[in-house]
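Peer 1: give me coordinates for this.
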Amino acid sequence: MAINRSVQSKPVSVAEVQLARVAGEGCARHPHLNALLEATGVHAGRDLADAVHLLCALHGRYPGLIEIALQRCPRGAAKDWLAHASEAFERERLYLVRLTSAVGPMPSTPGAAETEASLLAARHALETLALSERNGCAVGAATALVGDWWPIRRLLDRAAARGGIDTPAPSLPDEASVVAVIDDLAGIAPAARALAFGGEQLLLQHRALFDLLEARAEARSDY
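Peer 2: From the prediction side, this is the model:
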């Protein structure tokens, strides 16, 4: 008997789409991140140190994407969520900065000028998302950052474990709070589209960062 899927299928919410986007397009799927998590060779420490330094160059500065978005957000559920996210991410930022000092200097790698140009472009892209006047764009980027930070946190914790550094307990907003803040915006069609755009662009920057890390690791192996 034929099944009318348009009737029986459950509609997918904007929040579910965003969570699926982070899971499917985020850095957790990037082969180089997984290689860093599993690496045990003689160059593992060097490659982890490079990742920590570049992540700090992108997210270790204040104010970051979440703080800029918070400063511009009107009162309401989104502002409350961003305030919580900002407090939590500040602790992540302090951990990242402390870890950057602990892992030692950035590994010498060919193409330093190109790396700095790429990081500058990425920081500009994140600032542009945070400053966007499109309702929902900054929140979309911020929720994607929080969701995509979990696999990054695994990487930081691995670097900390190798260096004998204590790892602070994570305190980022949980998935339920992410769903709630997205649902609050989802009823406005333009905001839902802007939220999706912000999320996509944030994840694009993270994938590009791990592409850069992978290219730098390969360049060092030939150096």
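
Peer 1: only C-alpha atoms from now on, for both contacts and neighbour counts.
Peer 2: Fine.

Peer 1: check the secondary structure at the residue positioned nearest the centre of the chain for me.
Peer 2: In the chain, the centroid-proximal residue (CA atoms, centre = their mean) is Leu145; its distance is 3.7 Å. Following DSSP: H, G, I helix; E, B strand; the rest coil, we place Leu145 in the helix state.

Peer 1: excluding chain neighbours, give the residue nearest to it in space.
Peer 2: For Leu145, the nearest residue in space outside its immediate sequence neighbours is Leu202; the separation is 6.7 Å by CA to CA, 6 or more residues apart in numbering.

Peer 1: which stretches of the chain form helices?
Peer 2: Counting by DSSP state H, the segments of the chain that form helices are 5-8, 14-25, 31-38, 44-59, 65-72, 77-102, 112-131, 137-163, 175-186, 189-221.

Peer 1: in JSON lines: those, plus mean pLDDT and distance to Ala169.
Peer 2: JSON lines is the format used below for the helices of the chain (pLDDT from 0 to 100; distance: least, CA to CA, whole Å):
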{"stretch": "helix 5-8", "mean pLDDT": "48", "distance to Ala169": "42"}
{"stretch": "helix 14-25", "mean pLDDT": "96", "distance to Ala169": "22"}
{"stretch": "helix 31-38", "mean pLDDT": "96", "distance to Ala169": "19"}
{"stretch": "helix 44-59", "mean pLDDT": "96", "distance to Ala169": "18"}
{"stretch": "helix 65-72", "mean pLDDT": "97", "distance to Ala169": "20"}
{"stretch": "helix 77-102", "mean pLDDT": "96", "distance to Ala169": "9"}
{"stretch": "helix 112-131", "mean pLDDT": "98", "distance to Ala169": "26"}
{"stretch": "helix 137-163", "mean pLDDT": "96", "distance to Ala169": "10"}
{"stretch": "helix 175-186", "mean pLDDT": "93", "distance to Ala169": "17"}
{"stretch": "helix 189-221", "mean pLDDT": "95", "distance to Ala169": "23"}
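
Peer 1: can you tell me how far the nearest residue to Glu16 once chain neighbours are set aside is from Val14?
Peer 2: Setting aside the residues directly before and after it, Glu16 is nearest to Val179 in space (CA to CA, 6+ apart), at 7.6 Å. When distance is defined by CA to CA, to the nearest Å, Val179 is 9 Å away from Val14.

Peer 1: what number of residues lie near the residue nearest to Leu145?
Peer 2: The tally of other residues near Leu202 (other CA atoms under 10 Å) stands at 26.

Peer 1: was I right to think it contacts Ala141?
Peer 2: Yes - using CA atoms under 8 Å, Leu202 is in contact with Ala141, at 5.4 Å.

Peer 1: so who does Ala83 touch?
Peer 2: For Ala83, the set of contacting residues under the criterion of CA atoms under 8 Å, 6 or more residues apart in numbering consists of Leu70.

Peer 1: from His43, how far out is it?
Peer 2: Using CA to CA, one obtains 39 Å as the distance from Ala83 to His43.

Peer 1: what's near enough to touch Ala160?
Peer 2: Contacts for Ala160 were tallied using CA under 8 Å, 6+ apart; they are 99, 166-167.
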